[in-house]
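Asks: Sequence first, then the predicted structure, then my questions.
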Amino acid sequence: MTTDSSVYNDRVVTVLVVLSLVWAIAGMAAGVFIAAELVWPTIDMGQEWLSYGRVRTLHTNGVIFGFGVSALMATAFYSVQRTSHVTLFAPRLAWFCCIAWNLAVLAGGISLLAGWTSGKEYAELEWPFDIGITVVWLSFAVVFFGTIAKRKVKAIYVSNWFYGALIIVIAMLHVVNSMAIPISIDKSYSLFAGAQDAIVQWWYGHNAVGFLLTGGFLGMLYYFLPKQADRPIWSYRLSIVAFWAFTYSYIWAGPHHLHYNAIPEWVQSLGMVMSIILLAPSWATMVNGVMTVAGAWEKLKTDPAMKFIVLALAFYGLATFEGPMLSIKSVNVVSHFTDWTVGHVHSGALGWNAMITFGTFYFLVPRLVGAELYSVRLANIHFWLALAGTMLYILSMWGAGVSQGLLWLSLDELGELSYGFRDIMASMVPYYALRFVAGAVFLSGAILMFYNFVKTMENRTTVTRRIPEVQVASNAAEAVA
Amino acid sequence: MISVPVAVMMQGNKLFSYLGQETASVGVVVLKDILPLALIPPVFLYIGSTMLGWEIGAEEPIYLSVDVVLLISFCYFFALFVGFIGLAVLLRWMAPTYDANLELNRHLTVVATVATPLVIGSIAHLYPHIFVNMLVIIPALIWSMFLLYRGVPALLDTTPQQGMLMASSLIAIVLVAAVTLLGVTVVLWTHGFGPSLGL
């Protein structure tokens, strides 16, 4: 552990990247397993801990909190030092974040398999874990904002605005939504009741998507895209405008998860309107990214990482268009409770979150250990597997979702439902088989990447990099490029 | 010069150097390449729907009256025709950003090339079962993507790197267009057009 204030703290970044990669494989493998369960339900072999309901939460927690948050912590620690021209504030606390977070997700994952659950989607972990997560998250905030506070560059670069919003908003969401009365070590009941509980839960759920899976990863994009492209972001002003528009509009969008439910109609409509407004800042960011890449196309010749970022922007464009569209009540009445939603989530999760992280890691890992990437060819194969897996996943879920929406609302001549729920689900098996193949293809690409990084890092340690002596830059966009 | 769909099937490795020689005017390219490609899937759909009926998955096939199938087939043709030309115009619009060829007939040729595998795959409409159609569409889609990433730089005279960016931008546009089409269809359903839904 280095405490030398003239070099960057990068060892903790390396460890977080490796842990994130392990979670990526484990979490995605759990996803492929539950996809298989929907085709062959008996593969749980009668074991409760292998049942769909339990492994599904392991999958979502593993990929979001294991893979996603570890990657966000790694890239936040890496970039905040470089944009501030200082070493990390409280480096021991950064190590605590790294280890405690991953232990919490691991123990939490085991508790989910054991059947502990609060029953709140994406917040299933029970109260002892909620307290632990709060402590780690506050430590993350201290390290991050402490580093910003002692920065040597006056302006705070835009990636730090996004990482900062991630830390503050997730702390707020997690604490409010997790408030509960424990009745035993493994069970608690929410402090909120009925419709209020639903509203608080989806205020949490949707803003976790917003500030963690969108905002946090935009922080990653805004730092690593200009670094890879070797040029400043196309419009720095647009990135700041998009940040504030994004932050303001996202927080209202949650009720679109509760259309036609027992919450006030005006709350549903407000959620819908704010969701539609969100398209503007989302696409502003996409345009900013696309135009930055377009001016740096020569980099694609040598850098396999850039391809992933290009594709991540394409799927970011799709997901941020599809989301507002699905929030429209007359679309949602058909799409809600169907696999269309699952497809939408994965166009974001596979196409945007995973791709941008893969692209960032292909850039970061060789630099952290001071070596060339072991195999550019394997990275290129990974790219095509990731693209094919994501496309197949989206298409299979569009097919399944639209069929479900149509079939379970269809009326016959007597005005009765034409099809039974069981018959409709039985007819979904072919789509689910296709989704299983899609997931397996995507996972196989991730395994290739893992192998590629293992060979790249083999027998190497994190390179010590000195902080540049004086580089007074008032313009944050220039400082990063 | 022969029509693009025929060339895609006959020319093999020489496809792009062959298509690169295309000098026909925009009108001619539309008539000999785009029009037949937009016509074939609706014709297959019409034959399949009237002879066999659609199987969406549950219970017995859905039969539609000849009038309705005719209307759907016409709308399908119209959507494809406008969609193909719209995509070519979008490629033309993106061309300056990626230092690509600015001639619209080239962009129409790219669209026709990329559409060909999917149009060939639409032969599955003759057996209107959703899953059979999806199974056929997948290899067609992979072939189509291959032609897209190879064809854009080759036919639009730009570097492979800029071609890759341009092709990825087109994928984003097509995906957004596809999901918009799904959304619009669903809104029409919920407002009483099409199937009878319990809303």
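Replies: On my side now, so go ahead. Numbers count the residues shown, from 1 in each chain, chains lettered A, B, ... in the order given.
Asks: and stretch A:173-187, average pLDDT?
Replies: On average, the pLDDT along stretch A:173-187 is 96.
Asks: Which positions in it come out as buried?
Replies: The neighbour-count check on stretch A:173-187 (16 or more other C-beta atoms under 10 Å in any protein chain shown) flags A:Leu173, A:His174, A:Asn177, A:Ser178, A:Ala180 as buried. (Each C-beta comes from the backbone N, C-alpha and C, glycine too.)
Asks: Can you tell me which of these is nearest A:Val143?
Replies: Ranked by distance to A:Val143 (C-beta to C-beta), the buried residues of stretch A:173-187 are led by A:His174 at 17.4 Å.
Asks: Let me know the helix or strand that the closest residue to A:Leu278 other than its chain neighbours is in.
Replies: Spatially, and ignoring its direct neighbours in sequence, A:Leu278 is nearest to A:Ser249 (4.8 Å; C-beta to C-beta, 6 or more residues apart in numbering or on different chains). For A:Ser249, the host element (DSSP states H and E) is helix A:236-250.
Asks: Which strands or helices does the first helix or strand past that helix going along the chain pack on?
Replies: Of the helices and strands lying after helix A:236-250 in sequence (DSSP H and E), the nearest is helix A:265-277. Contacts defined by 3 or more C-beta pairs under 8 Å, 6 or more residues apart in numbering or on different chains; DSSP states H and E place helix A:265-277 against helix A:236-250, helix A:304-327, helix A:329-335.
Asks: Contacts for helix A:265-277, please.
Replies: Helix A:265-277 is contacted from outside by A:199, A:249-250, A:252-261, A:323-324, A:327-329, using C-beta atoms under 8 Å, 6 or more residues apart in numbering or on different chains.
Asks: quick revisit: measure how the helix holding A:Ser249 sits relative to helix A:265-277, angle-wise.
Replies: Here helix A:236-250 runs at an angle of 160 degrees relative to helix A:265-277 (axes from the mean of the first three to the mean of the last three C-alpha atoms, to 10 degrees).
Asks: Comparing the helices and strands packed on helix A:265-277, which stretch has the densest surroundings?
Replies: helix A:304-327 (a mean of 25; mean count of other C-beta atoms under 10 Å in any protein chain shown).
Asks: how about that helix as PDB, C-alpha atoms only?
Replies: In PDB, the C-alpha atoms belonging to helix A:304-327 read as follows (Å, rounded to 0.1, in the frame of the first residue of the first chain):
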ATOM      1  CA  PRO A 304      -9.700  -2.600 -30.000                       C
ATOM      2  CA  ALA A 305     -11.200  -0.800 -27.000                       C
ATOM      3  CA  MET A 306     -12.700   2.000 -29.200                       C
ATOM      4  CA  LYS A 307     -14.900  -0.400 -31.000                       C
ATOM      5  CA  PHE A 308     -16.700  -1.300 -27.800                       C
ATOM      6  CA  ILE A 309     -17.200   2.300 -27.000                       C
ATOM      7  CA  VAL A 310     -18.700   3.000 -30.500                       C
ATOM      8  CA  LEU A 311     -21.100   0.100 -30.000                       C
ATOM      9  CA  ALA A 312     -21.900   1.200 -26.400                       C
ATOM     10  CA  LEU A 313     -23.000   4.600 -27.700                       C
ATOM     11  CA  ALA A 314     -25.200   2.900 -30.300                       C
ATOM     12  CA  PHE A 315     -27.000   0.800 -27.700                       C
ATOM     13  CA  TYR A 316     -27.100   3.700 -25.300                       C
ATOM     14  CA  GLY A 317     -29.000   5.500 -28.000                       C
ATOM     15  CA  LEU A 318     -31.400   2.600 -28.400                       C
ATOM     16  CA  ALA A 319     -32.000   2.100 -24.700                       C
ATOM     17  CA  THR A 320     -32.500   5.700 -23.900                       C
ATOM     18  CA  PHE A 321     -35.000   6.000 -26.700                       C
ATOM     19  CA  GLU A 322     -36.800   2.800 -25.900                       C
ATOM     20  CA  GLY A 323     -37.200   3.700 -22.200                       C
ATOM     21  CA  PRO A 324     -39.200   6.900 -22.700                       C
ATOM     22  CA  MET A 325     -41.200   5.100 -25.400                       C
ATOM     23  CA  LEU A 326     -42.100   2.300 -23.000                       C
ATOM     24  CA  SER A 327     -43.100   4.800 -20.300                       C
END
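Asks: Of all the residues in the stretch 1-150 of chain A, which one is nearest chain B?
Replies: Closest residue of the stretch 1-150 of chain A to chain B, C-beta to the nearest C-beta: A:Val39 (13.3 Å).
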